[in-house]
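In: Sequence and predicted structure, then a few things I'm wondering about:
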Amino acid sequence: GRDRKMVSAEQLVLDLCDPELRENALLELSKKREIFQDLAPLLWHSFGTVAALLQEIVSIYPSLSPPTLSPVASNRVCNALALLQCVASHPDTRIPFLNAHIPLYLYPFLNTTSKTRPFEYLRLTSLGVIGALVKVDDSEVIGFLLQTEIIPLCLRTMEMGSELSKT
């Protein structure tokens, strides 16, 4: 059973690079990310996968201002963010993830002010990626975050977000 699950994880990771199959692969991988043990290294080291996840993220930038993000688009990008959170939390991929400056792609999401649900969900999931980084007491991670504008953005999100964002 475990081998069949891993094969399907590998197939889903490959599907991320196919625009026709990506949405389903994002949904399935984000739902099952807990049961796929080495998903983070698989995502990180598979050709084109991180680029596909970043493509998902930047594709909604135009919907941020003016705020026109639909719930469907928000869910889709949040599934991509959930996979990045998986990469951010894994000991073998955390530092390469930081060295690639991937967290910087989340800053526009944390900078949004719309109080609608799609935006709230987007901010919350982005905070989850940052949270995954800081859960481990790593001076390299803390140094990276202090050098960027993440602290003011997180404070702003806490100030104007829902109770869940504040927590």
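Out: Right, received. Where do you want to start?

In: which of the residues in stretch 22-29 are buried?
Out: By neighbour count on 16 or more other C-beta atoms under 10 Å, the buried set for stretch 22-29 is 22-23, 25-26, 28-29. The C-beta positions use only the backbone N, C-alpha and C, and glycine is treated the same way.

In: Kindly report the same for stretch 143-153.
Out: By neighbour count on 16+ other C-beta under 10 Å, the buried set for stretch 143-153 is 144-145, 150, 153.

In: so can I have a markdown table of those residues showing distance to residue 57 and pLDDT?
Out: Compiled in a markdown table, the buried residues of stretch 143-153 are given as follows (distance: C-beta to C-beta, whole Å; pLDDT from 0 to 100):
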| residue | distance to residue 57 | pLDDT |
| --- | --- | --- |
| 144 | 18 | 90 |
| 145 | 18 | 88 |
| 150 | 16 | 83 |
| 153 | 15 | 84 |
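
In: Which parts of the chain are helices?
Out: If you assign secondary structure with DSSP state H, the helices in the chain sit at 2-15, 22-32, 39-45, 49-59, 71-89, 94-99, 107-110, 117-134, 139-147, 150-160, 163-166.

In: With respect to residue 65, which of those lies nearest?
Out: Comparing the helices of the chain against residue 65 with C-beta to C-beta, the closest turns out to be helix 107-110 (8.6 Å).

In: That concludes my questions; thank you for your assistance.
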